[in-house]
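Chemist: Fold the stuff below for me.
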Amino acid sequence: MLRTLHIRDFVIVDEAELHFDAGFTVFSGETGAGKSILVDALSLALGARGDVGVLREGSARADITAIFDPPASVQSWLQERELLSDDGLLLRRVIDAQGRSRAFINGIPVALGQLREVGEYLVDIHGQHAHQSLLKASSQRALLDAQGGHSDLAREVQQAWQTWHDARKKLDDARQNAAALQEERERIEWRLAELDRLALQPDEWEALGIEHSRLAHAQALLDGAAHALSALDDEQGAARQALTAAAHHIQPLLRHDTHLQSVYDAIDSARIGIDEAVSDLNSYLDRVELDPDRLAQAEQRLAAIFEMARKFSVEPGELPSLRDDLQQQLDASQSAADTKTLEANEQAAAAQYNELAARLSKARQKIGKTLAKRVSEAMQTLSMQGGRFDVTLSPCTAGPHGTENVEFLVAGHAGTSLRPLAKVASGGELARISLALSVIASQAARVPTLIFDEVDTGIGGAVAEVVGRLLRTLGERHQVLCVTHLPQVAARGMHHYEVRKNTGNNGTVSTIEMLDDAGRVTEVARMLGGLKITDTTRTHAREMLESQAN
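Modeler: Numbers count the residues shown, from 1 in each chain. Below you'll find the model as predicted:
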């Protein structure tokens, strides 16, 4: 769960460090005080997009750090990426005045995508506009799949659809482009035949060049080697004899002065080296011979290779790899034209998709009934007595998201007919249904921390009390953070932060303070009665806190 959130120079917060415990924590404050800034800051630490607009005016950079007790599900993720630490999990995000963004996990620089990836294991945020996103069919489908715990199966269906789509396209292309494919295949086969006729082996071009150079300069090589041999050994005063004589002069002197030992060793080493060079030159002269016939063959082979390289516009040494590439192209072309194999592949892909899609449909039908029942029950406690909620699955053409459309239907009161959620007239009804869905869906969430950012907008009175009770109950299973403007919800909190906006010489600054019991009475009284706090509102606030904290 979230333990600490440190914010510096973010929007109108100069610096704040918040410490969190388990259970239900609420944030309240006057409109415009910056309550949702906390959610925005944590979102950045979890990998959300940000720009220079998040910097406090005049600041060089915004710096946000969130420290978590990581759940077991995150430990293996961190270990695989060598990001594991014994001190918990520290996520940090820095955005400077030039718009540059840096991300860190346990002090190690990482890509922004990795922050988002690990964030999915840690926090689920229900924004204040969640009810608007629920109007989209894609959001309804995603919520249903998440609630049923079959999001992975939905992704498998999407992948299987893509595989089937690709296989079908290859088959269609093969049928439509048969003539073009045949022409391309013949062109490749002709080029391969030309290269096979040449039969150039890997590294042959380099080896042939070396051999040609040796054959073309054979006489010069023989003459040069013979002269070197004479200088070393055969001529009067040759190096070999000179070194031998020098060694004989030095050797008897060693018994008188050992400092000459290094000189003697150097002469002896040179003499041994010359002996080896003489032996090697004799062997070389025995091997090297003039061979005009072989020289002519080498020149003819080089000319043939060069001509083939010119024909195909490549370097001579690249001809073997060109042949390998052409063979791969031919194999691919033959596969692309093998309609029987392509048909079999397309049928197998279709069967795999249909099997997965059928499993997904069955899972959606099952969870749809459960979700409809639970939301309908929740509606009775949210001043929507007699209201009903339903999840319809209507068949559609097979696609990446399965073989049915998912649509949420609602009847706000008894006697009214079910209509699509997107057509519900009352914004308050929509907000209440959205909250019920959020709470029910979050009960199935596997992440330890849930955040609700003013999802209670548009409700009040007795309904607000029910919402507060729902969120506190949820706080018994998860760490719940809630930004609220409702005293009924705030009174249900186990912990309470107040966000204040202060204006001074340095501009507007938002401060965040954990409230004690007296502070909570004052804040709930403000939420009940506005800026003017009376003894009556204080008494009412105290009674509300005492009655709803249980």
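Chemist: Give me the distance between residue 101 and residue 53.
Modeler: 13 Å (Cβ to Cβ, to the nearest Å). The way it works is simple: take the backbone N, C-alpha and C, and place the C-beta from them, glycine included.
Chemist: out of the two, which sits in the busier spot?
Modeler: residue 101 (17 against 9; other Cβ atoms under 10 Å).
Chemist: Who does that one form a beta bridge with?
Modeler: residue 95 (DSSP bridges).
Chemist: what's the burial count for residue 394?
Modeler: Every residue meeting other Cβ under 10 Å relative to residue 394 is counted, giving 8.
Chemist: contact partners of the helix or strand hosting it?
Modeler: In the assignment (DSSP states H and E), residue 394 maps to strand 388-399. Residues outside strand 388-399 that contact it (Cβ atoms under 8 Å, 6 or more residues apart in numbering): 144, 161, 353-354, 357, 361, 364-365, 368-369, 371-372, 375-376, 379, 403-411, 418, 433.
Chemist: where along the stretch 1-150 of the chain do the strands fall?
Modeler: 2-10, 13-19, 24-29, 61-68, 89-96, 101-105, 108-110, 123-126 (DSSP state E, counting those that start in this stretch).
Chemist: so which of those strands comes closest to residue 497?
Modeler: strand 24-29 (4.8 Å; Cβ to Cβ).
Chemist: Please save the CA atoms from the closest one in PDB.
Modeler: C-alpha atoms of strand 24-29 as PDB (Å, rounded to 0.1, in the frame of the first residue of the first chain):
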ATOM      1  CA  PHE A  24     -10.200   4.800   4.600                       C
ATOM      2  CA  THR A  25      -8.600   8.200   4.300                       C
ATOM      3  CA  VAL A  26     -10.400  11.300   3.100                       C
ATOM      4  CA  PHE A  27      -9.300  14.700   1.700                       C
ATOM      5  CA  SER A  28     -11.500  17.700   1.900                       C
ATOM      6  CA  GLY A  29     -11.200  21.400   1.500                       C
END
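Chemist: on contacts alone, who are the packing partners of that strand?
Modeler: Contacting strand 24-29 under the criterion 3 or more Cβ pairs under 8 Å, 6 or more residues apart in numbering; DSSP states H and E are the following elements: helix 35-45, helix 461-474, strand 479-483, helix 487-490, strand 495-504.
Chemist: Mean pLDDT lowest where, among these?
Modeler: Lowest mean pLDDT within these: helix 461-474, a mean of 84.
Chemist: Just the angle for that helix relative to strand 24-29, thanks.
Modeler: 130 degrees (axes from the mean of the first three to the mean of the last three Cα atoms, to 10 degrees).
Chemist: Just the C-alpha atoms of helix 461-474, please, in PDB.
Modeler: Provided in PDB are the C-alpha atoms of helix 461-474 (Å, rounded to 0.1, in the frame of the first residue of the first chain):
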ATOM      1  CA  GLY A 461     -28.400  13.700   1.800                       C
ATOM      2  CA  ALA A 462     -29.200  10.100   2.800                       C
ATOM      3  CA  VAL A 463     -27.500   8.800  -0.400                       C
ATOM      4  CA  ALA A 464     -24.200  10.500   0.700                       C
ATOM      5  CA  GLU A 465     -24.400   8.500   4.000                       C
ATOM      6  CA  VAL A 466     -24.700   5.300   2.000                       C
ATOM      7  CA  VAL A 467     -21.800   6.300  -0.200                       C
ATOM      8  CA  GLY A 468     -19.700   7.000   2.900                       C
ATOM      9  CA  ARG A 469     -20.600   3.600   4.400                       C
ATOM     10  CA  LEU A 470     -19.700   1.900   1.100                       C
ATOM     11  CA  LEU A 471     -16.300   3.500   1.000                       C
ATOM     12  CA  ARG A 472     -15.500   2.800   4.600                       C
ATOM     13  CA  THR A 473     -16.500  -0.900   4.100                       C
ATOM     14  CA  LEU A 474     -14.300  -1.000   1.100                       C
END
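Chemist: which residues sit against that helix?
Modeler: With Cβ under 8 Å, 6+ apart, helix 461-474 has contacts from 24, 378, 381-383, 432, 435-436, 439, 442-443, 450, 452, 456, 459, 480, 482, 486-494, 548.
Chemist: Can you give me the buried ones in that helix?
Modeler: 463-468, 470-472, 474 (16 or more other Cβ atoms under 10 Å).
Chemist: Pull the most distant pair out of those.
Modeler: Spatial extent of the buried residues of helix 461-474 (Cβ to Cβ) is set by the pair 463 and 474 at 16.4 Å.
Chemist: Might you list the low-confidence residue ranges for the stretch 51-200 of the chain?
Modeler: For the stretch 51-200 of the chain, the stretches with pLDDT under 70 are 128-133, 177-179, 181.
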